[in-house]
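# Here you go, sequence then predicted model.
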Amino acid sequence: IKPRMIRDAVAIVDPLPFDRAALQEVLAARTANKPRAARPGPRFMAGSAADERELMCADLEQILQKRVPRRYGETPDALKCGSCVSKGSRAGCCSNGGEGTADRNWYECIAPSPLLTKLSRLKKRS
């Protein structure tokens, strides 16, 4: 495998750094058979799906150190041109001919795409 290709692929994925100790604590707590410690304050939704979602968000915030992953469909910074990255563009690149850090000619966005949307609709019908 070509080192440049690996470097570009990792730049596109852009994995978030995470706290390994926090991940270990969360996994240990979630795999233990004892109930989790209650958080301070009133909990009107204790044990509900909303409460579980809140606990999951708190766990992810702790593991990812309050960083947020790239949204689905958002163009990776490595594929955006320099002006789009500096402007903080969250949509696709302006395609003004500028280059990101990865070689754009090697990669094709397959999701989201019109083909993926069409295939998803067909799968839902069956």
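Right, received. Where do you want to start? Numbering: from 1, shown residues only.

# Packing partners of whichever helix in the chain runs longest?
In the chain, taking DSSP state H as the definition, the longest helix is helix 49-63. Judged by 3 or more C-beta pairs under 8 Å, 6 or more residues apart in numbering; DSSP states H and E, the packing partners of helix 49-63 are helix 20-31. (Each C-beta comes from the backbone N, C-alpha and C, glycine too.)

# Can I get the helix it packs on in CSV, CA atoms only?
Taking C-alpha atoms only, helix 20-31 is exported to CSV below (Å, rounded to 0.1, in the frame of the first residue of the first chain):
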residue,chain,number,x,y,z
ARG,A,20,-8.4,6.1,26.7
ALA,A,21,-8.8,6.2,30.5
ALA,A,22,-12.3,7.7,30.1
LEU,A,23,-13.2,5.1,27.5
GLN,A,24,-12.0,2.3,29.9
GLU,A,25,-14.1,3.7,32.7
VAL,A,26,-17.2,4.0,30.6
LEU,A,27,-16.8,0.5,29.2
ALA,A,28,-16.2,-1.0,32.7
ALA,A,29,-19.3,0.8,34.0
ARG,A,30,-21.5,-0.2,31.1
THR,A,31,-20.4,-3.9,31.3
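
# Tell me what angle it forms with helix 49-63.
Between helix 20-31 and helix 49-63, the angle comes out at 150 degrees (axes from the mean of the first three to the mean of the last three C-alpha atoms, to 10 degrees).
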